[in-house]
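Quick one, structure for this:
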Amino acid sequence: MNGLVLFLTNELINLSNEVRKKYPKIKESAEQLIYKLRSTQALHESTNNEKQFTEDLRKIPDLLLTFQLTCKTNDPKLINIALSCLQQLIMSRSIPNKSFKDIIELLRDSLSAGFEIQLKVLQVLLSFFTVFTEVYGVDLYNALLICIAINNSKNPVVTNTASATLNQLIVSIFEKVNREDKERENGAVIETEDFEIKGEYGEVQVIQITKFAKDAYVIFRVSSEN
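Numbers count the residues shown, from 1 in each chain. Modelled structure (predicted):
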C-alpha cells in the first residue's frame with residue numbers, strides 16, 4: 001500500500017474509533033474516505049504511477065470533509081489527528097488548488113482547541129506555503145491573519161513561534177516578487193492586473209502590477225500604517 005494511503009488510513013481508523021457515537025457524521029465521513037483512498041490506491045497498484053495517483057487523490061470528492069468536521073469539534077486529540085492527515089496531504093501536493101480557502105478555514109476553526117493545537121496549526125501553515133508557493137491574495141491574507149491571531153496568545157512559546165512563522169511567510173512573499181522580476185528580465189511574460197494606489201497628494205493612480213507584487217505592496221502598506 002502506498003505510504004501516504006497507509007498513513008491516512010491508519011489515522012482515519014484511529015479517528016473513527018475515537019469519535020464513535022459522539023460524532024456519527026465524522027465517523028461516517030472517515031469511513032467513506034478510507035474506502036475512497038483504498039479504491040484510488042487499487043486503481044494504481046499495477047502501474048506505480050505516483051504522478052497520476054496524486055492527480056486522482058486530488059479528484060476525490062469531499063477529500064477534506066472529514067478534517068473540516070473534526071476541526072469544528074474543539075477536541076484537541078481529534079483535531080491533532082485531522083491536522084496530521086492534512087499536513088501529509090499538503091506535503092504530497094494531494095490537495096487541489098480550489099481547496100486553498102477550505103484549508104485556511106479549517107486551520108482557523110482549530111485555533112480555540114488550545115496551545116498545542118495552535119503550534120500544530122502554525123506547523124501545517126508553514127508546510128502549506130512551502131509546498132504551494134502559488135498561494136496569493138485573499139488566501140494569503142487570511143493565513144497571515146491566523147498567525148497574527150495566534151501571536152496574541154498568552155503562551156510565550158506559541159507567541160514566539162507565531163511571530164517567527166509570520167516573518168517567514170512575509171519574507172517568502174518578497175522572495176516571490178524577486179523571482180517574478182528575474183523571470184521578466186529573462187523574457188518571461190508575467191500576467192498583471194490593474195491596481196489603484198494613492199499618490200503623494202491623495203490622487204488615485206492606476207498601475208499594472210503582478211499578483212505577488214500586489215501582495216507585497218498591500219502588506220507593506222498595512223505594516224507601515226500600524
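
Where do the strands of the chain begin and end?
193-198, 204-209 (DSSP state E).

could you give me the average pLDDT of the first one?
Along strand 193-198, the predicted confidence averages to a pLDDT of 80.

List the strands paired with it, with their directions.
strand 204-209 (antiparallel) (DSSP bridges).

send the alpha carbons of the strand it pairs with over as CSV?
Output in CSV follows, covering the C-alpha atoms of strand 204-209 (Å, rounded to 0.1, in the frame of the first residue of the first chain):
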residue,chain,number,x,y,z
VAL,A,204,-5.7,57.9,-7.4
GLN,A,205,-3.3,56.2,-9.8
VAL,A,206,-3.9,53.0,-11.7
ILE,A,207,-0.8,50.9,-12.3
GLN,A,208,-0.1,47.4,-13.7
ILE,A,209,1.0,45.0,-11.1
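
Report the rounded mean pLDDT for it.
Strand 204-209 comes out with an average pLDDT of 83.

mind checking how far that strand is from the chain centre?
Mean-position distance between strand 204-209 and its chain equals 30 Å (Cα atoms, centre = their mean, to the nearest Å).

same question, stretch 54-72
That offset, for stretch 54-72, works out to 13 Å (Cα atoms, centre = their mean).

Identify each buried residue in that stretch, please.
Residues 54, 56-57, 60, 63-72 are the ones in stretch 54-72 that count as buried (16 or more other Cβ atoms under 10 Å). The C-beta positions use only the backbone N, C-alpha and C, and glycine is treated the same way.
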